[in-house]
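Trainee: Sequence and predicted structure, then a few things I'm wondering about:
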Amino acid sequence: MATSFIFVASSKQMSFTDSGSMLSVLKQNGQTSTKLYSGLSQQEKRYLTYVQDQEKAARQLVESWLLYSQYYNEALSKINVDSADSFEEYRQKILEEAKRDDVILDLLVDEILSVDTLEIAVNSFMSTASQFSEQRERARQMMIAKNRAKEV
């Protein structure tokens, strides 16, 4: 009877070679030329590729969601981004709306996507979208001024 293992992808990529793992034990015992070691090593590579592919797909999905939502999300379309404050309001709202999306929420719950990665994607989107360039510069100037005020 064959035994199979099912791994759930996670941004916390587990390693088969961590101390105490089967590969580590086999390596410590000089059994790196065994079929078991070879098989486990191949499975580790497949698993890591699977995790990387899932993470890449999650990032692409978020990017597509951001592009789509800027035009078709009702809550976002109600915000007129004409100041640094409204720029930040929009940024917070897009994060909030993304976390409400069923697919993105599943990715977050399953730890395929982290909240930090989602926030980085939103920040990246907002920093490169042309319709936000003027407000982005105002927000940047406000952050610089706040940081200088803290230093004094």
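Mentor: Great, that's in hand.
Trainee: number of nearby residues for residue 39?
Mentor: Counted with other Cβ atoms under 10 Å, the neighbours of residue 39 add up to 10. Just so you know, the C-beta spots here come from the backbone N, C-alpha and C atoms, and that holds for glycine as well.
Trainee: ok, now which ones touch residue 98?
Mentor: The contact partners of residue 98, by Cβ atoms under 8 Å, 6 or more residues apart in numbering, come to 62, 65-66, 69, 104, 118, 122.
Trainee: So which elements touch the lowest-mean-pLDDT helix or strand in the chain?
Mentor: The weakest-scoring helix or strand in the chain, judged by mean pLDDT, DSSP states H and E, is helix 133-151 (a mean of 77). With contacts taken as 3 or more Cβ pairs under 8 Å, 6 or more residues apart in numbering; DSSP states H and E, helix 133-151 sits against helix 84-100.
Trainee: what about the helix or strand that the helix it packs on is followed by, distance to the chain center?
Mentor: Remark: after helix 84-100, the chain's next helix or strand is helix 102-109, criterion DSSP states H and E. How far helix 102-109 lies from its chain's middle: 11 Å, per Cα atoms, centre = their mean, to the nearest Å.
Trainee: buried stuff in the strand or helix carrying residue 119?
Mentor: Applying DSSP H and E as the criterion places residue 119 in helix 115-128. Within helix 115-128, the residues that count as buried by 16 or more other Cβ atoms under 10 Å are 117-118, 121-122, 125-126.
Trainee: what's the least confident helix or strand of the chain in contact with?
Mentor: Helix 133-151 has contacts (Cβ under 8 Å, 6+ apart) with 81-84, 86-88, 126-127.
Trainee: from the chain's centre, how far out does that helix sit?
Mentor: On Cα atoms, centre = their mean, the centre of helix 133-151 falls 26 Å from that of its chain.
Trainee: and the longest helix for the protein?
Mentor: helix 35-72 (DSSP state H).
Trainee: After that helix, heading C-terminal, what element do we hit next?
Mentor: Sequence-wise, the next helix or strand downstream of helix 35-72 (DSSP H and E) is helix 74-77.
Trainee: hmm, who's touching that following helix?
Mentor: Contacts of helix 74-77 (Cβ under 8 Å, 6+ apart): 69-71, 90, 93-94, 97.
Trainee: Thanks a lot, catch you later.
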